[in-house]
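[1] coords below, sequence missing:
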């Protein structure tokens, strides 16, 4: 009824189990190696990310300090402009060309625009610094 004897079937079954066991054992060893490699890469990536975050935080603090300085100088300049004549009092706008005869409103506008440009310039410099710090 069966072309092979029961002993031969037993040997084939044992060989198949041995083959499947060796495949599983090999896969398990590679999986352990891969999990170890993945854990090392995760730790190294976290260290690099922490280093980049520290650099970004330092750059942001420097930018915020520059912006605070710009805002302080703007407030100081605007307080000094309070003594100037207003446009309604007939300041001579555009006559001298030096800015000394500008009305308080016009000079304040120009001071605020200059401060805004300085803030944008500080932000752009911080952006460049942060990009350059990532390439190091």
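    Yep, that arrived. Note that this is a predicted model, so its numbers are computed, not measured. Numbers count the residues shown, from 1 in each chain.
[2] Once you drop chain neighbours, what's closest to the residue nearest the centre of the chain?
    The centroid of the chain falls nearest to residue 56 when counting by Cα atoms, centre = their mean (6.1 Å). The shortest distance from residue 56 to any non-neighbouring residue, by Cβ to Cβ, 6 or more residues apart in numbering, is to residue 130 (5.4 Å). For the C-beta atoms, the positions are set from N, CA and C on the backbone; glycine is no exception.
[3] coming back round to it: is the residue nearest to the centre of the chain in contact with residue 133, as I believe?
    Yes: between residue 56 and residue 133 there is a contact under Cβ atoms under 8 Å: 7.3 Å.
[4] What ranges in the protein fall below the confidence cut-off?
    1-2, 88-100 (pLDDT under 70).
[5] just the helices in it please.
    Assigned by DSSP state H, the chain shows helices spanning 6-80, 104-134.
[6] To residue 86, which of these lies closest?
    helix 104-134 (5.1 Å; Cβ to Cβ).
[7] which of the residues in the closest one are buried?
    Residues of helix 104-134 classed as buried by neighbour count (16 or more other Cβ atoms under 10 Å): 104, 106, 107, 108, 111, 115, 118, 119, 122, 126, 129, 130.
[8] how about these in CSV, adding distance to residue 79?
    As requested, the buried residues of helix 104-134 are exported to CSV (distance: Cβ to Cβ, whole Å):
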residue, distance to residue 79
104, 11
106, 17
107, 12
108, 10
111, 11
115, 13
118, 18
119, 19
122, 22
126, 28
129, 32
130, 34
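[9] And stretch 8-27, what's buried?
    Going by 16+ other Cβ under 10 Å, stretch 8-27 has no buried residues at all.
[10] How far does stretch 57-72 sit from its chain's centre?
    Between the centre of stretch 57-72 and the centre of its chain there are 16 Å (Cα atoms, centre = their mean, to the nearest Å).
[11] Contacts for that stretch next, please.
    115, 118, 119, 122, 123, 125, 126, 129, 130, 133 (Cβ atoms under 8 Å, 6 or more residues apart in numbering).
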